[in-house]
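Need a 3D model of the following:
(2 chains)
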Amino acid sequence: MASISGKPPFKETNRVIVKSETFASIDDSVNKPIETAPFKTPLWWWIGFFMAASLLGVYLVTITMLITKGIGIFGNNQPVAWGFPIINFVWWIGIGHAGTLISAALLLFRQPWRTSINRAAEAMTIFAVVCAGLYPILHLGRPWVFYWLAPYPNTFGLFPQFRSPLDWDLFAISTYASVSILFWYIGLVPDFATLRDRARNTFMQWFYSLLSLGWNGSAKAWQRYMRAYLILAALSFPLVLSVHSTIAMDFAVGQLPGWNNTIMPPYFVAGAVFAGFAMVNILAIPLRKAFGLERLITYRHIDNSSKLMLATGMIVVYGYAVELFMAWYSGVEFERYMAFNRVLGTDHGWAFALLIFCNLIAIQPLWSKRVRQNMTMVFIISIIVSIGMWLERYVIVVVTLTKDFLPGSWGDYVATFWDYSMYLGSFGLFFTLWFLFIRLLPSIATSEMKELQHHDSHHGSDYYEEQRAEEFSKKGLPV
Amino acid sequence: MTNILSAKLGRLQMTGLVLGAIGIIVAIIMAFVSGGQGFFQSYLYAFLFWTGLALGCLILLFVQHMAGGSWGAMIRRPLEAGAMVLPVMALLFIPILFGMGNLYSDWLHPHSELVEAKIAYLNRPFFIIRSVIYFAIWIFGAWYFFSASSKQDKVDSHEGGRIGFSLKRTATFWIVIYILTMTFAGVDWAMSLKPEFFSGMYSVILMIGQAISAMCLMIFVMVYLANNDKEIDALLTSKRLQDLGNFLMAFTLFWAYTSFSQIIIIWSNNIVETNPYYLLRFSAAWQVVGYFLLIFGFFAPFVILFSRWVKRKRRALVMVAIWAVLVRMVDLFYIVIPNFSREGFPLALSDVALLVGIGGIWIAAFAYWLKSRPILPLNDPRLAHAGGHHG
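Numbering: from 1, shown residues only, chains lettered A, B, ... in the order given. I've put the predicted structure just below:
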């Protein structure tokens, strides 16, 4: 992929930011791709956008089919009443979590490296929540009455069942979506103002000044901005836990062996963050190359995000181990059979084996620094992890449901064409939004990068900078 | 370290030993008076609390190496001292082996098919082997980080930085090992008291409790040291104190989250193997403790710790930390003691006596290790940046 910023290739680095960066160079490298005239948009963007939009078309066709024919077009049936729609819903919403973790949790923990990837990760969060949120609504069968889920006074005396976690989902997801969008937008305001001030034509100036809400860069504006940003970060932090815990409860409050494990909530959260960091890597690695952002999104970021992927992946594996051990330890026949069927069952055992490969074995190379510094390797591992996390939900939903208590009611599950087309189509929705995002909005938070650059030039990158540099140069890795 | 501080820690060590002796003697007398039934129950409770504190120090030691800034370097030495109490706790585990017949009779002599199905795991030799393995691993971990830290004092600042960097990476492995071992230790020592019961979250709740009590200990120790040592006084700025307070708040939140998840899942499942756990704890005799934990263990500290003022004022934060430790004791009591179906008022004198007794020994060992070396690590680059210390 050609770099459109026109900068000469440079040496990769493991600092949080390249030392020679200035305020102006940060502004230039982030904003140039956005300011390019439409007809000068690089070819790779058009190809990517076209492919995404085609898949979006598939999505729209599937939804049309779904609304006209009903959810009978899916493979869901007894005993597997929850098939692809819930798997894909959980998969998509999980992906969003890394964005929230990066933007909120790492901000509160004062991790400077979050700065250059938080914007893109937040965008990823919002798009993933959009993809996820559509699933339960479309899965209702009568999507046009989705608002019946909300508790509002009405003439049919209808009220949601508050003991059902499916109703908690409504609150969890809508809160998550609104806080994420607010957080993202507040962060964008100073950057919109920068774009407004750099605009070279009236349309752009008008467009970005509208978005920047009259930002004037005064001390008061900054002070209020910082306060709002911190409050929103504190609000989003619990959301990292709450959203996926609620989704774990969808399963865990049931009596089904394989679902009723008390470890489910934190282990689902870890799984979500795990899948999310995989997606961050999948998006950030091509992005930094394509837009020539290697000076701002450095090896250090990919390295750290891979470390977090490894850490959360190990928690997920811990979850698997605890689940299996507890199934055995319970001494309950059904629990033990569930574990046996999951691991060694003849019809779906392959899914578990593949899952262990993707989520346990494939991530182990990440312990090595050399692997974390190799973009191709990280990219491939991240894709494997994404597949693994999909399989995890497949194992939890489908494999558990096929064989529950009574052998007489056992059954199998086969996904239909429309199940697949809807999943594929949701990628279209995600990537269409993603390509529009990287073309129209600054994919790195420039104002925060300038703050980081200022801090870095005075205080250095971190405590172990010297030791890291020494060790890395000894091993022939970028310093 | 100043001579005054060293003398004060020496006195603390003596006080600890005296308290330990008194507590244990009272408990033994109680055991003879009441026939010995309650002794091991109280002993297990006190043992779990204090071992938990040492393990909390161990895991926080790993965590601050992996992720910590200057706040981590600042509390390193007290954490190392706390983790080095583990060998003492291993010795104090021996009485439990003698009390096994009393404590774990439900699985030593199984009465139901459900429990019989587990005897491959729950049996006396395997239980002992596992406990030995846990302690061996933990003690090795504590010793490894303790001695590397001592070595860091003796080299120059560059080499010290290199040791710190290598500890930062090793810590990650140790976190994995700690979580694995503690998961099974939790099942063995506490969950198997009622062998029908099972919950994947159980050990996680114990682990987070350990981290809370260790963080509280660090808050006391740092404030105590700052009042007695000028260098630490300068280092313990309100901002770093707030870091510790933030951790206390986050851990409290996480404790509530894990405990609540376990309750709501078991309550909703309502299956016969697991629901007796909460049926018992929600019964008239015990529900008061549950409400206490909900209101004063979670809501009150959570609301109070929202205040930046509290987290930045030494005295205020120490008060909250004392409260949080008391809540830890109550929470562990609520986890362990209902299993024994005591009659009448559930709190026995021997519970308190042994909590004080083992605690006295714990504090003595802690003070011994703390005064054996400089309170601040000399060549930790994180402190060189902090500006409060020039090693």
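
Just give the nearest non-adjacent residue to the residue sitting nearest the centre point of chain B, would you?
For chain B, the residue nearest the mean C-alpha position is residue B:53 (2.1 Å; CA atoms, centre = their mean). In space, and not counting its chain neighbours, residue B:53 is closest to residue B:213: 4.9 Å by CB to CB, 6 or more residues apart in numbering or on different chains. Any C-beta I mention is one placed from the backbone N, CA and C, and that applies to glycine too.

Run through the residues that contact the one you found.
B:49, B:52-53, B:56, B:324-325, B:328 (CB atoms under 8 Å, 6 or more residues apart in numbering or on different chains).

Just give me the closest of these to residue B:84.
residue B:53 (12.4 Å; CB to CB).

Name the SS class of residue A:258, please.
Counting by DSSP: H, G, I helix; E, B strand; the rest coil, the backbone at residue A:258 sits in coil.

Would you mind listing where the chain has pLDDT under the threshold?
As the question left the chain open, I've gone with chain A. A:1-9, A:461 (pLDDT under 70).

not quite, I wanted chain B
For chain B, the ranges with pLDDT under 70 are B:1, B:35-36, B:385-391.

Tell me which residue in it sits closest to chain A.
Nearest residue of chain B to chain A (CB to the nearest CB) works out as residue B:200 at 3.1 Å.

So that residue is in contact with residue A:322, correct?
Yes: at 4.5 Å, residue B:200 counts as touching residue A:322 under the criterion of CB atoms under 8 Å.

Neighbour count for the two, which is higher?
Remark: of residue B:200 and residue A:322, residue B:200 carries more neighbours, 27 against 24, as counted by other CB atoms under 10 Å in any protein chain shown.

and the more buried one, what does it touch?
So residue B:200 contacts A:261-264, A:319, A:322-323, A:326 (CB under 8 Å, 6+ apart).

swap in residue B:291?
By CB under 8 Å, 6+ apart, the contact set of residue B:291 is empty.

which bits of the stretch 251-391 of chain B sit near chain A?
When proximity is defined as CB under 8 Å from any CB of the partner chain, the stretch 251-391 of chain B approaches chain A at B:253, B:257-258, B:261-262, B:264-266, B:268-271, B:273, B:381-382, B:385.

From those residues, list the buried ones, please.
B:253, B:257-258, B:261-262, B:264-266, B:268-269, B:273, B:381-382, B:385 (16 or more other CB atoms under 10 Å in any protein chain shown).

What distance do you get for the residue nearest to the centre of chain B to residue B:78?
Separation of residue B:53 from residue B:78 (CB to CB, to the nearest Å): 12 Å.

Tell me, how many residues neighbour the residue of chain A found nearest chain B?
Closest contact between chain A and chain B, by CB to the nearest CB, is at residue A:263 (3.1 Å). Per other CB under 10 Å, the neighbour tally for residue A:263 reads 27.

so it sits right up against residue A:319, yeah?
Yes: with contact defined as CB under 8 Å, residue A:263 counts as touching residue A:319 (5.8 Å).

hey, where'd the helices end up in the stretch 101-250 of chain A?
Remark: helices assigned in the stretch 101-250 of chain A by DSSP state H, counting those that start in this stretch are A:106-108, A:115-139, A:165-198, A:202-211, A:219-252.

check contacts around the residue of chain B positioned farthest from its centre.
Distance from the C-alpha centroid of chain B, by CA atoms, centre = their mean, peaks at residue B:113 (34.8 Å). Going by CB under 8 Å, 6+ apart, residue B:113 touches residue A:331.

Helix, strand or coil: sort out residue A:442 for me.
coil.
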